[in-house]
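> after the sequence you'll find the predicted model.
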Amino acid sequence: MGAQELLQQFINALSLGSTYALLALGLAMVFSVMGLVNFAYGELVAVTGYTMYLLVTRGVSWWLAALCGIGAAIVLSLLMERIAFRPLRNASFLTLLFSSFAVSVIIQNLFRATVSPRQKGVPSPDFLSEVLRVGPLTASWLMVITTAVAAASLVALVLFLRRSISGISMRAAAEDFDVTRLMGVKANGVIALAFAISGLLAGIAGVLWVARLGAVAPHMGFVPVLKAFIATVIGGLGSLPGAVFGGFLLAFIEIGFHVILPSSMQPMVDPFALLIVGVILYFKPNGLFGGSGGK
Amino acid sequence: MAGFTTRLSGNRHARRIVVGSLALVVPLLIAAAVMNALATGATLRLCINFFITIVVCLGLQMFTGHTGIVSWGHVSFVGIGAYVAAYLTVPVSIKEELFPALPGFLMQAQLGLAPAILAAIVVGAVIAFVIGLPMSRMKEIAWAMSTLGLLVIAHGIFSNWRSMTRGNEGVYAIPSNVGLWSAAAAACIAVVAAVAFKHSRLGLRAQATREDPLASQASGVNVTRTRLLVWIASAAVSSAAGALWAQYNLAFAPSQFYWTQVFAALSMIVIGGLATVSGAVTGAAIITVVYEILRGVEEDGSILGIGVPKVSGLAQMALAVITLLILIFRPEGILGYRELEEWGARLLRRRRPRPPGGAEPPPDAQAADTASEEAVS
């Protein structure tokens, strides 16, 4: 394999990794303030997709549909918090995990019952699949936009978390929730904000995801939440930089196996990637950014 | 005096296992007898499936209930058990066509129900031991994460190692070895094993690690080894369940050991109560019945014979709603921390007039309750 192909695969991994990083960040956000691994997170991606499907097929422009999709993800995220997770505040890790499982199944089956159990196409704008050439390297516009949007979102999020009062109280809440409340920060506000940001990130990632797949299906949220979960665990659950790093690392491992494995073994890419993740966890049981103790 | 106390507690220990087993085995056998006399066709199938589901749930409950670590991977052991059963029971002539890569000694094997289950137990335990060695050193969340990895990896192997598993086309031609009574017997054996396990040294140590890993370690419990042993034992039960199920279902595909089954099994033990054997059985019973009724709605558009509009995915959605409501209003499950016989004893005691000066045990305090129960006996 020449240097050129290596660079090409590097670009592919970068684009995939930025989607994973966005997804993982949204999941880590909620975990860091309330200790919940939200398995219904994938349904936020799905609701973005379904909103876009409903609007685009009725003649609304793709861009407006994408914006509405992101809005729908934020609203659904806040609804989940209010209806399902607020009554469970301070419940055990296991209880929270199971309840998010249940929420995920409920929403999936709502899509199945109200829209269709089958896959539905969402046409993306043509230019997204057009190819951009720089010397011998190629990248679709979608890949470029994915990376750029992810980078912009990360920068915006970092600025928000470092500069604004709400951002600082969120970081404090992630550090020690009880002490943060003693400092006069409202618990409901911080947690709702975390869910809103989580919904926003899932919505942005969802638009990119739907543009890549070109279709929606009731179970479409499963792969994103799985990747996000793996990425956050690699990075150390609850660590935001860890989530971003874990997302990129997972993408690089996956693209690596894509390149190495023969075509007959391609379905084994995910299992092999998880095997590597298992090895990482064996040596760093709290994840790469998790420190030695903690949650 | 010390020896006397030990023997006394030993007797009480044995009595608990016997009473705890009987409280579940007797109703199960009565159900089997009633079904044997009355049920035919679909109802009979439902009942046999219920007994097999009990074994599946108990395997998962043994691990997640005792250690407090969620496992996505036990369904994979059900799958391993099913494939082992297929290797050992499918007629030799068909086997050559189904699994060309099967080693010679397996190719010639043709076993019955019990030997196939025993073989599945051994294989499941060995695989669990090998995977468990590195896993047992992990923290709780990392362990849970690796069981998720196990699920995905096992599914990848089941669906891609075509010469050994036939991939997504699935396995067929397994002889029908399971009837109502053999399924009921398997469920009863699993119940007795699970109750005995709960009261065993290992089971008690595991429960201590669930409540507080650090404190239990400080009290001399080897957390790593305890979790590893519980993992192996529970995986063996799950494998047995898989071998049993395969010999009733007669054909299966890798998709039957994946997310839907994981969610169903987790819901059952959560609804009934994670910490108890009776909880797993109760959860299995409730969900089996609810699921069956709602599947009627989904497929034929009728509920108990009354026509209603068809709704796709209704059964699964109802299962999820029930799980969520239970988690919000009764997070410890319907039975909580008490086994059926403990609930029975509690109800009887409440009926009895209060002894003069004796205080009523505080509600929902298990330790106090158990202590008072021991004081009575």
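Now that the structure is in, tell me what you want to look at.
> quick one: neighbours of B:Leu347, just the number.
9 (other C-beta atoms under 10 Å in any protein chain shown). Heads up, the C-betas are built off the backbone N, CA and C, glycines and all.
> ok, it to B:Arg338 distance?
11 Å (C-beta to C-beta, to the nearest Å).
> show me what whatever helix or strand B:Ile127 lives in is packed against.
Using DSSP states H and E, B:Ile127 falls within helix B:113-135. With contacts defined as 3 or more C-beta pairs under 8 Å, 6 or more residues apart in numbering or on different chains; DSSP states H and E, the packing partners of helix B:113-135 are helix B:74-89, helix B:140-160, helix B:223-249.
> how about the last one: buried residues?
Pointing back at helix B:223-249 there. B:223-224, B:226-249 (16 or more other C-beta atoms under 10 Å in any protein chain shown).
> ok, that helix near chain A or not?
No - between helix B:223-249 and chain A, judged by C-beta under 8 Å from any C-beta of the partner chain, nothing touches; the nearest distance is 11.6 Å.
> mind giving me the packing neighbours of the longest helix that chain A contains?
Determined from DSSP state H, the single longest helix within chain A is helix A:3-34. Counting contacts by 3+ C-beta pairs under 8 Å, 6+ apart, helix A:3-34 packs against helix A:41-56, strand A:137-140, helix A:141-163, helix A:165-175, helix A:187-213, helix A:222-235, helix A:240-260.
> and A:Val277, what does it touch?
A:Val277 sits next to A:Ile230, A:Val233, A:Ile234, A:Leu250, A:Ile253, B:Met145, B:Gly149 when contact means C-beta atoms under 8 Å, 6 or more residues apart in numbering or on different chains.
> once you drop chain neighbours, what's closest to the second one?
In space, A:Val233 comes closest to B:Met145 once its chain neighbours are excluded; the distance is 4.7 Å by C-beta to C-beta, 6 or more residues apart in numbering or on different chains.
> so, low pLDDT: which residues of chain A?
A:1, A:290-295 (pLDDT under 70).
> how about a cut-off of 80?
A:1-3, A:90, A:126-130, A:132-139, A:238, A:264-265, A:285-287, A:290-295 (pLDDT under 80).
> hang on, the earlier thing: quick one: closest of the helices and strands packed on helix B:113-135 to B:Leu180.
B:Leu180 lies closest to helix B:223-249 among the helices and strands packed on helix B:113-135, at 10.2 Å (C-beta to C-beta).
> next SSE downstream of that closest one?
Defined by DSSP H and E, the subsequent element after helix B:223-249 is helix B:259-272.
> so which elements touch that next one?
Using 3+ C-beta pairs under 8 Å, 6+ apart: helix B:259-272 touches helix A:93-114, helix B:41-60, helix B:74-89, helix B:277-300, helix B:314-329.
> surely A:Leu96 is in contact with A:Val37?
Yes - counting by C-beta atoms under 8 Å, A:Val37 is a contact partner of A:Leu96 at 7.3 Å.
> B:Leu180 contacts B:Ala32, doesn't it?
Yes - B:Leu180 lies in contact with B:Ala32 (C-beta under 8 Å); the separation is 6.0 Å.
> quick revisit: and the helix holding B:Ile127, how far from the chain's centre?
Here helix B:113-135 is found 16 Å from its chain centre; the criterion is C-alpha atoms, centre = their mean, to the nearest Å.
> what does the stretch 101-250 of chain A have sitting close to chain B?
A:101-106, A:108-110, A:112-113, A:117, A:218, A:222, A:226, A:229-230, A:233, A:237.
> check the secondary structure at A:Tyr282 for me.
Of the three states, A:Tyr282 takes helix under DSSP: H, G, I helix; E, B strand; the rest coil.
> residue contacts, residue 253?
Let's take chain A. A:Ala273, A:Ile276, A:Val277.
> if you could check chain B rather than the one you did, that'd help
Counting by C-beta under 8 Å, 6+ apart, B:Ala253 has contacts B:Asn168, B:Glu169, B:Gly170, B:Val171.
> okay, those in TSV with secondary structure and pLDDT next?
TSV is the format used below for these (DSSP: H, G, I helix; E, B strand; the rest coil; pLDDT from 0 to 100):
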residue	secondary structure	pLDDT
B:Asn168	helix	83
B:Glu169	helix	84
B:Gly170	coil	85
B:Val171	strand	87
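> closest to B:Tyr83 out of these?
Nearest member of these to B:Tyr83, counting by C-beta to C-beta, is B:Val171, at 7.2 Å.
> compute the distance between the closest one and B:Arg45, please.
20 Å.
> now do A:Thr48
From A:Thr48 across to B:Arg45, the span is 41 Å (C-beta to C-beta).
> repeat for B:Lys95
Here B:Lys95 is placed at a distance of 26 Å from B:Arg45 (C-beta to C-beta).
> distance of A:Ala13 relative to A:Gln108?
29 Å.
> kindly report the same for A:Gly221.
Plainly put, A:Gly221 is 7 Å away from A:Gln108 if you go by C-beta to C-beta.
> now B:Leu274
B:Leu274 is 24 Å from A:Gln108, by C-beta to C-beta.
> neighbour-wise, which of the two wins?
B:Leu274 (28 against 24).
> confirm the more buried one sits in a strand?
No - counting by three-state DSSP, B:Leu274 falls outside a strand, being coil.
> now it. Nearest residue, chain neighbours left out?
B:Gly65 (4.5 Å).
> now for the one you found, how many residues are close by?
29.
> hang on, isn't it packed against B:Ala280?
Yes - using C-beta under 8 Å, B:Gly65 is in contact with B:Ala280, at 7.3 Å.
> now do the shared contacts for those two.
The contact lists of B:Gly65 and B:Ala280 share B:Ile269, where a contact means C-beta under 8 Å, 6+ apart.
> returning to that earlier point: now do the contacts for the residue nearest to B:Leu274.
When contacts are counted by C-beta under 8 Å, 6+ apart, B:Gly65 touches B:Ile269, B:Leu274, B:Ala275, B:Thr276, B:Gly279, B:Ala280.
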